[in-house]
Structures are given as C-alpha cells and as structure tokens.
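Enquirer: all I have is the shape, not the residue letters:
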C-alpha cells in the first residue's frame, strides 16, 4: 500500500482554516451512522409537502411518456421497454421507461402510483445527499470545523434541498421523473465512490466502487446529464480525499476508467436517436449563439435558487437575443467560473460546491443546443445542492449553531411555498393559466392553454383568443392555425376556418390532419365537395391508415352524383382498418341498399347495432331492410327497438304502423303509431289518410 497522498493546498474556508489538517487516507475509520431520525424527518417533511400532489393528472409530456406510450403496456415485452419511442421524453432512456412500465403493470394510467414512486425517488435522493454531505463533513480536512455538527448540517442541506419549491416540477410533473431519478443515480455514484475510498483496505472498497460504476451506468439509462458524473467524482477525490488530481488518478485510476466506461454506452444510445427535433448539434443553431444565450439562463437559475419566484412551468423555446442584451450575463458567468477556479485552490470545499452547480448544469446550459426548451426548472434539481451547501456552510461558519434554527425556519418557509406551488399543477388548465400569466410572451403556453380550453364546454371563445395570441407571437405555428380552424369550424365560422387550414398547409404541406380538416370544412360549403374530396385524398396519401378520413371522404362521395361505388369502396376500406366502426357499417348498409343489395345491407346494419346497441337509426334502417326481405316480425322488433331508443322518431312510427297493418289484429296498435306521427308531423297527409281508412274500416 502506498503512503497517503499529501493534503490539498489552500484552506477549505479562509477563516480558521487548518492547513495542517491530516490528509484523507483509506485507513481513516468510517464515521458512525447518524441514526434513523434524520431519514424519518426527511421522509415526513417530503410527505407533508407533496401530500397535495397525488391527484395531479397527466400533463403535457406525460401523455407521450405514459398514456400513449405503447412500449410500457406489457412488462414481459422487455425488448420494447428498452427501446422506448424516440420522439418522446423517454427516448434513449430505457431505465426511465422501465420505471414507467413497472408503474403501468401495477396501476395502468392511474396517477397515484406514479406520484408515489416520484416522491419515493425524491426521498431516496435526499437520504443519499444527507449521507454524502455528512461523511464529507467528517473528512479530516473539514472535521475540525464542521465535524461536531456534521449530522445537523447534513440534515439542513438535504432538508433545504428537498423542500425547495424549484424541485416541484421534478417531483409533481410525472414525466420529469427523469430528472429526479438521474439525480438519485448521480448522488449514489458519488456516495458509493466515497464509501469505497473509506474502505479500500477493509475488503469492501472494490464492492463500493463497483456500486458507484453501476449507479453511473444506471444514470446513463435515465438521462444524459450523468455524463458529467465521472468529472465530478474526480474533482471530489481531488478536493476531499487525495489532495490533488494526480494523486486521485494514481490511487483510483481503475475506478475513474470504469466511470468513464459508461460514456460509450451513452454515446451509443444517443446515436440511435434521430427524432428529438431541435436538440443537439444537428439542431441548426450555432453552439456559440446558444452558449451566449445560456449565460442569461444560468444567471436566472442562480437567482431562482435564492429567490424561487416566479416559478414557470414552461419558459418557452430558444429565440435569438442581441449581444448587447447578453453581455452583462456573460460577464457574470465568466466571473462565476473565475471565482470557482480561485476557490478550488484557496477554499476547495466552497470551490467544489460552486463547481457542482456549474458542472451539473453544463450539458444543458453550455454549447449543446436545446432549442425547444433552453430553460427548465427541472434542470436545477441536482445543481441546487451545491448552492444550498454554500449557504448552509457559510451561514454556519458565521453564526455557528445559532444558524441551525434559521435553517429550520427557512426549510419551513420553502416547504410551504413548495406545497403552494403544487396547487398550480392541479389541472392542465391551472398550470397553463399560471404559465401564461407569468410568461405571457411564450406562444407555446398560449397554444397549450387553448388546447385545454377548447375541450371545456362554453370555453371555445377563450380558446380562440388564446390561439390568436399564440399566432400573434408566432405566426409560423402551423399547429395553432390548424387547431384554431377546428374551433372556428365547430362554431360555424367556416370561411375563417378554411383560411386557417390553408395557412397551416402553406407552413406545413405534409400535415395530413390539416388536409383532412380542410376537407371537412369545404364539405360544409355547397358546391365545394370536389375540393373536399381532393383534400381528403391528399390526407390519405400522407396517412393512408386513418379510418376517420376515409369515412369522411365516403360521406362526401355519398352526396355526389355517380360516386356511390366509390363511397362503398371507401367504407369497406374503413372497415378493413377498423372493423368495429358502427357508423361505417351503417352508412355502408345504406349504400348497399341503394344499390339493391338488400341482403348485404342487412348484414351491415346488424353489425352496426351489435357494436352500438343504442343506435336508433341503424335499428330503423335494419327494420326497413328486413321488411323488404319479407321478414315482417323481425322488422317490427327492430322498429320497436328504435322507438324505445328514440320515441320521437316519426318515420319509425309510420313504418311500424305499416308493418302492423300487415299482421292480423295489428290495426289498433297501428292507429296508435299513426296518431304519434301526426303529433310529431301534423302535416303528414299520408299518415292522416291511413288513419282515416283504419277508422272507416272499424265496425
């Protein structure tokens, strides 16, 4: 065994530092456990804060990650689970997808289980942070100053980190489990590394180091930010264990090589992703332009750690900002980097905490473009720990144990703020309303609020206003044009709807949905059926397996002279794609009957009423077809079923009366139905004549 490495140069804290503190060595006895009570306190605090989040519904990206993620449906299909859909938040993150698959296996899409797991991950991360901080404060370089209060300080840091309201988006927003889970694996990587270093000569060191590498590998399967973990582990070793980078590399080179060995796995996963639009160096944005813009984001992140207001669910996508507006932020970031480098030499512990903040943020807040979302609160999940550590240790250095009640009060304030923030997640409407209020210049927020409002009865006018605001901010938003057209069409503003569908197609000609919607709108305008057919056909060229588009096309063809055979062909195509489409069976039955193919029509009507037993019109037409086939009693049964479902169906009353007149003793009941026809249609001369004839025939 080689001799212990020399201690790091420079003081840990400028005042009262102990330059002659003993270097960390493997022979140092591991610190005793802090007991169970800190873990219980952290768990209780977490439950108290997030108790109001367990009913928060699936929001925004949750639909793609959970509700519409077919890869998590079958736990046995492990190949699909480990090949999640690329164009979603689980793309390239198989372990994250597995966690959702386990949730789905036990509870489907019921949100309680997902929230429970998210909270459990957050608590486990807080426990791991507590253990890492406590053991770090008991290292020889820090123990003289912080050792007697190591447990209390570790609890303060982990509690403030756990309670901070900026964490709510990583815990309450289900699809952001990615951030909390990778945060847990990141912390476990460092914690197991420290435990391995503490027990290198006790036979368990290699096992702990193996756990560290496995935790890092698990992080690779969760989110890409884990890429910085090997760097931070090396910096941790230099700062608190070995005393220098050279010594750290010499003593634990195999461990660092093992941690770095996770990078090829991460690179392989990323090489398989081709559908994350706007992310990475292929996003079409200069890395330097993005890097300069991120200087402002980093400063905003720093401000949110010390004053978490306002918290915004969606900060919007990247947009170019003039250098004249960015240079002050670039100066601040440069000063932060310079101060961190100076602290790493003169006060290594503070320098490490500052470096923690910058290094963990680096993958998303440097030069790798993330155009759709250059700023997101979830990315502060782990970096926050570095700032909290600086605040707590700095406060303790100034006030000693008098600072502990201050930290407790601050944790209470932050916890109350976090619980209040959770209320904004109560529904899609509330979170997007909050986002629009706090970030009115974000077109995506207006778009998503409009999508929610248009589904609420009586709120279509509000939805239209939000879509219009979105388009004022982003005229190139083809999805907003398309959706606004749908709402306007439903409201009867057909000409305006057509204009927006056409605008959507100018911006995105391959948008099949807009072609179909334009076809629907044109079909409502007399004389424009042929144009509607053209739009439907283009939509089907782009998406040939859309049964609704084929159904709508067939409906328009039904109205056009000489196109009955084409309509029948489209209905049959619909039923090949979706056999359980009752309206398609019904319409096909109508067309087959019009062609004189009554037996085939009966088959289609029977399929329609089997699939949709309360389909009054299908029962009525089935009765007509059965009547034409001479099956009088069967026809009467179908007419009666239709009237039970729809008592005001005058035509059915009339047809039933005619059938009853063909049966012995049916005249009295036929007269009753004819009187019902006259109540519904007083001017029906045919019903009056038959009723008079029945009366005249009475003895």
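Expert: Looks like it came in fine. In this text the structure is predicted, and so the values were computed from the model without any measurement.
Enquirer: distance of residue 198 relative to residue 192?
Expert: Distance, residue 198 to residue 192, using Cβ to Cβ, to the nearest Å: 11 Å. Bear in mind the C-beta positions are built from the backbone N, C-alpha and C, glycine included.
Enquirer: kindly report the same for residue 515.
Expert: 55 Å.
Enquirer: same check, this time on residue 428
Expert: As judged by Cβ to Cβ, residue 428 and residue 192 stand 40 Å apart.
Enquirer: more crowded one of those two?
Expert: The neighbour comparison of residue 428 against residue 192 (other Cβ atoms under 10 Å) goes to residue 192, with 24 against 20.
Enquirer: wait, that one sits on residue 207?
Expert: No. In this structure, residue 192 is not within contact of residue 207 by Cβ atoms under 8 Å, at 9.1 Å.
Enquirer: need the overlap of contacts for the two.
Expert: Here residue 192 and residue 207 have no joint contacts, going by Cβ atoms under 8 Å, 6 or more residues apart in numbering.
Enquirer: so the closest residue to residue 572 other than its chain neighbours is in which element?
Expert: Nearest non-adjacent residue to residue 572, counting by Cβ to Cβ, 6 or more residues apart in numbering: residue 588, 6.8 Å away. Assigned by DSSP states H and E, residue 588 belongs to helix 582-594.
Enquirer: buried ones in that helix, by neighbour count?
Expert: Within helix 582-594, the residues scored as buried using 16 or more other Cβ atoms under 10 Å are 582, 583, 584, 585, 586, 587, 588, 589, 590, 591, 592, 593.
Enquirer: those into JSON lines, with extra columns for distance to residue 269?
Expert: As requested, the buried residues of helix 582-594 are exported to JSON lines (distance: Cβ to Cβ, whole Å):
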{"residue": "582", "distance to residue 269": "44"}
{"residue": "583", "distance to residue 269": "44"}
{"residue": "584", "distance to residue 269": "43"}
{"residue": "585", "distance to residue 269": "46"}
{"residue": "586", "distance to residue 269": "49"}
{"residue": "587", "distance to residue 269": "48"}
{"residue": "588", "distance to residue 269": "48"}
{"residue": "589", "distance to residue 269": "52"}
{"residue": "590", "distance to residue 269": "53"}
{"residue": "591", "distance to residue 269": "52"}
{"residue": "592", "distance to residue 269": "53"}
{"residue": "593", "distance to residue 269": "57"}
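Enquirer: domain map for the protein?
Expert: 37-58+109-273+283-421, 647-699 (automatic domain parsing).
Enquirer: picking that back up, so what secondary structure elements neighbour the helix holding residue 588?
Expert: In terms of contact count using 3 or more Cβ pairs under 8 Å, 6 or more residues apart in numbering; DSSP states H and E, helix 582-594 is assigned the packing partners helix 547-558, helix 564-577, helix 598-611, helix 616-628.
Enquirer: now the first one: average pLDDT?
Expert: For helix 547-558, mean pLDDT is 96.
Enquirer: do the third one as well
Expert: Averaged across helix 598-611, pLDDT comes to 97.
Enquirer: again with stretch 641-655
Expert: Average pLDDT, stretch 641-655: 95.
Enquirer: contacts for it?
Expert: 609, 614-617, 619-620, 623-624, 627, 639, 656, 673-674, 676-677, 680-681, 684, 686-687.
Enquirer: what of stretch 664-674?
Expert: 653-654, 656-661, 687, 690-691, 694-695, 697.
Enquirer: how about 10 Å then?
Expert: 632, 636, 639-640, 643, 650, 652-663, 684, 686-695, 697-698 (Cβ atoms under 10 Å, 6 or more residues apart in numbering).
Enquirer: which among these count as buried?
Expert: Listed as buried from the contacts of stretch 664-674 are 632, 636, 639-640, 643, 650, 652-661, 684, 687, 690-691, 694; burial here means 16+ other Cβ under 10 Å.
Enquirer: what's the local residue count around residue 430?
Expert: Close neighbours of residue 430, defined as other Cβ under 10 Å, add up to 15.
Enquirer: one more: residue 187?
Expert: With other Cβ under 10 Å as criterion, residue 187 counts 25.
Enquirer: list the contacts of the closest residue to it other than its chain neighbours.
Expert: Leaving out its chain neighbours, the residue that sits closest to residue 187 by Cβ to Cβ, 6+ apart is residue 128, at 4.2 Å. By Cβ under 10 Å, 6+ apart, the contact list for residue 128 reads 158, 183, 184, 185, 186, 187, 188, 189, 190, 191, 192, 215.
Enquirer: so which of these is the closest to residue 79?
Expert: Set against residue 79, the nearest of those by Cβ to Cβ is residue 185 (22.9 Å).
Enquirer: compare the contacts of residue 128 and tell me which has the most neighbours.
Expert: Neighbour counts for the contacts of residue 128, by other Cβ under 10 Å, peak at residue 183, which reaches 32 neighbours.
Enquirer: and that one, helix, strand or coil?
Expert: Secondary structure, DSSP: H, G, I helix; E, B strand; the rest coil: residue 183 is helix.
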